[in-house]
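Colleague: Predicted coordinates and the sequence they were generated for:
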Amino acid sequence: MACTLENHRREVSGLLAEKFASLPAQVLPVASAQLLGRITAADLSAALPIPAFTNSQMDGYAARSADLAQASEQHPVSLPLGLTAAAGDPQITLEPGTVSPVMTGAMIPLGADTVIPVEHSVEGAFGTLVRAGEGTPSGKATFTAPGPVGRFIRPAGQDLAAGALVAAAGTRLTPTMIGAMAASGITDVPVVSQPRVLVCTTGNELGDSERSGLGAGQIPDANSPMLAAVLRGYGALVDTERFPDDVSALHDALLKTAADFDLIITVGGISAGAYEVVKDTLAPMGADFHSVAMQPGGPQGLGSIGSTPVLCFPGNPVSSFLSLELFLAPVLRAVAGMPEPLPERAELAQSVASPANKHQVRRAMLQDGKIHVLDPGSHMVHDLARADALVHIPVGTEELAAGSMIEFWRMHV
Ligand SMILES: Nc1nc2c(c(=O)[nH]1)N[C@H]1C(S)=C(S)[C@@H](COP(=O)(O)OP(=O)(O)OC[C@H]3O[C@@H](n4cnc5c(N)ncnc54)[C@H](O)[C@@H]3O)O[C@H]1N2
Ligand code: MOO
């Protein structure tokens, strides 16, 4: 009898629990080239506000708004220049009745509450400027309009307050999040360690499309690039290897390399055929192969080589993708502290049939607010790429009616 999806999921997480719990966390500098795509291992709070201090948005003149309140085309107001503030200078003080030339990013002088862009002054450009310690400024700047309080001033903490959460534990680091962490003064980033995963694709039909080309009856290996990409999205370090239908070659290679990995995934060679290289290799080594009451992804296997767990996924590309998604991804998310994706609801565009005794997982597209279910074939890898949603049809449900409200899970989130 086929095992249930839930039972197989429990078996997989039981097999992986110990190995994955013992993976050490790591701390990387925020500028590390290794940080992109890694998963944060803790909540990270801002050491600095963003902006770090109140500063000028423009190259111009910091002023007291009240000093320019009467300025107009008819009655220009000329004010003597104070000290100049450039980006990177310590804060200066604006003396009453003067204006201080300020550059973009410079600290707003104490006492100033507005900035007039230099091109809005009658002079239109800076003259001779004097910074703190360089002497006494001279000259004037002339204005023909008031400067409203706060204009062209970027307040400290406007974007994020000091101490606020920058990235929650379980955040997959994007280039922009790395930028936000750096801006908020975070220098060291704790990240979940990367499980080392070997993906072994199998079958004489897998040709060397990258170098020698495909022979008659051969196809490109779609599974290793796809599964490796999914795994890397969860922060794993992935190697891939391709094996022909040769039991002794696979046996020797796995024995030799297993200790270098935290997990081995095999793909293909596990169903009812005459040349099931994975089953024939691993069953004598104690792996268990059984059928899960699901479609696609029915044939599944699991075992260990030494202390390295091995998961055996079926070869059809949609089946292997969903095997990873349904059985391994929840473990990877749990290790990384990533939340489980939640379902959304939408109307089903067409009626969908499903075998009563299987949990069916259908690929679907969300269009015009409705779910359009795609072909159920587990070889339809381009349909898989077009899909942006998954629909689960549980055991016991033989049909979902067109127009019914159903749950779906977004893909690629
Ligand atoms: N008599 C039965 N036949 C099959 C059953 C069954 O229960 N009884 N189950 C079917 C189901 S469901 C699936 S899924 C497949 C699983 O078979 P295997 O895991 O043994 O996988 P293979 O036979 O090696 O390959 C299946 C299919 O996928 C293609 N494939 C394999 N690897 C790749 C790859 N890396 N890239 C692209 N395509 C790949 C392969 O050429 C086959 O077409 O068994 C059914 N049969
Ligand atoms: O699962 Mo097979 O996984 O139905 O093609």
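Modeller: Yep, that arrived. Residues are numbered from 1 along each chain as shown. Ligands and ions are numbered 1, 2, ... in the order given.

Colleague: Name all residues that make contact with the most centrally placed residue in the chain.
Modeller: The residue lying closest to the centre of the chain (C-alpha atoms, centre = their mean) is Arg172, at 4.0 Å. Residues in contact with Arg172 (C-beta atoms under 8 Å, 6 or more residues apart in numbering) are Gly37, Arg38, Ile39, Gly233, Gly235, Met338. All C-beta spots, glycine's among them, are computed from the backbone N, C-alpha and C.

Colleague: Name the nearest of these relative to Asp388.
Modeller: For the contacts of Arg172, the closest approach to Asp388 (C-beta to C-beta) belongs to Gly233, at 15.6 Å.

Colleague: I figured that closest one was touching Gly37, is that so?
Modeller: Yes - using C-beta atoms under 8 Å, Gly233 is in contact with Gly37, at 7.1 Å.

Colleague: Close to ligand 2: what parts of the chain are there?
Modeller: Gln295, Pro296, Gly297, Gly298, Pro314, Asn316, Ser319, Ser378 (C-beta under 6 Å from any ligand atom).

Colleague: Which ones among the residues you listed map onto helices?
Modeller: In this view, those that belong to helices under DSSP state H are Ser319.

Colleague: when you check ligand 1, which of the residues of the chain next to ligand 2 turn up near it?
Modeller: Pro296, Gly298, Pro314, Asn316, Ser319, Ser378.

Colleague: ok now do the closest residue to the fifth one other than its chain neighbours, which residues does it touch?
Modeller: Leaving aside its chain neighbours, Ser319 sits nearest to Pro296 (4.0 Å; criterion: C-beta to C-beta, 6 or more residues apart in numbering). Contact analysis of Pro296 by C-beta under 8 Å, 6+ apart lists Pro314, Asn316, Val318, Ser319, Leu322, Val361, Pro376, Ser378.

Colleague: Tell me the confidence at Pro296?
Modeller: Confidence at Pro296, expressed as pLDDT, is 97.

Colleague: how near is it to Val115?
Modeller: 62 Å (C-beta to C-beta, to the nearest Å).

Colleague: Please parse this structure into its domains.
Modeller: By the assignment in automatic domain parsing, the chain contains the domains 5-22+194-336, 25-51+158-192, 344-410.

Colleague: check contacts around Glu119.
Modeller: Ala125.

Colleague: ok, it to ligand 2 distance?
Modeller: 67 Å (C-beta to the nearest ligand atom, to the nearest Å).

Colleague: Repeat that for Val335.
Modeller: Using C-beta to the nearest ligand atom, one gets 26 Å for the distance from Val335 to ligand 2.

Colleague: so that residue, which of the three states?
Modeller: At Val335 the chain is in helix, as set by DSSP: H, G, I helix; E, B strand; the rest coil.

Colleague: okay, now it: neighbour count?
Modeller: 22 (other C-beta atoms under 10 Å).

Colleague: Alpha carbons of stretch 66-79, as PDB, please.
Modeller: Taking C-alpha atoms only, stretch 66-79 is exported to PDB below (Å, rounded to 0.1, in the frame of the first residue of the first chain):
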ATOM      1  CA  ALA A  66      12.400  83.000   9.400                       C
ATOM      2  CA  ASP A  67      15.400  85.000   8.000                       C
ATOM      3  CA  LEU A  68      14.000  84.500   4.400                       C
ATOM      4  CA  ALA A  69      10.300  84.900   5.200                       C
ATOM      5  CA  GLN A  70      10.100  88.300   3.400                       C
ATOM      6  CA  ALA A  71      12.200  87.400   0.400                       C
ATOM      7  CA  SER A  72      10.500  88.000  -3.000                       C
ATOM      8  CA  GLU A  73      11.500  89.000  -6.600                       C
ATOM      9  CA  GLN A  74      10.700  92.600  -5.600                       C
ATOM     10  CA  HIS A  75      12.500  92.400  -2.300                       C
ATOM     11  CA  PRO A  76      15.500  90.100  -2.500                       C
ATOM     12  CA  VAL A  77      17.100  89.300   0.800                       C
ATOM     13  CA  SER A  78      20.900  89.100   1.000                       C
ATOM     14  CA  LEU A  79      22.500  87.300   3.900                       C
END
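
Colleague: which residues touch that stretch?
Modeller: The contact list for stretch 66-79 (C-beta under 8 Å, 6+ apart) reads 63, 96-99, 114, 116, 122, 140-147.

Colleague: So for that stretch, mean pLDDT?
Modeller: pLDDT averaged over stretch 66-79 gives 98.

Colleague: Tell me the buried residues in that stretch?
Modeller: Neighbour counts using 16 or more other C-beta atoms under 10 Å place Asp67, Leu68, Ala71, Val77, Leu79 of stretch 66-79 among the buried residues.
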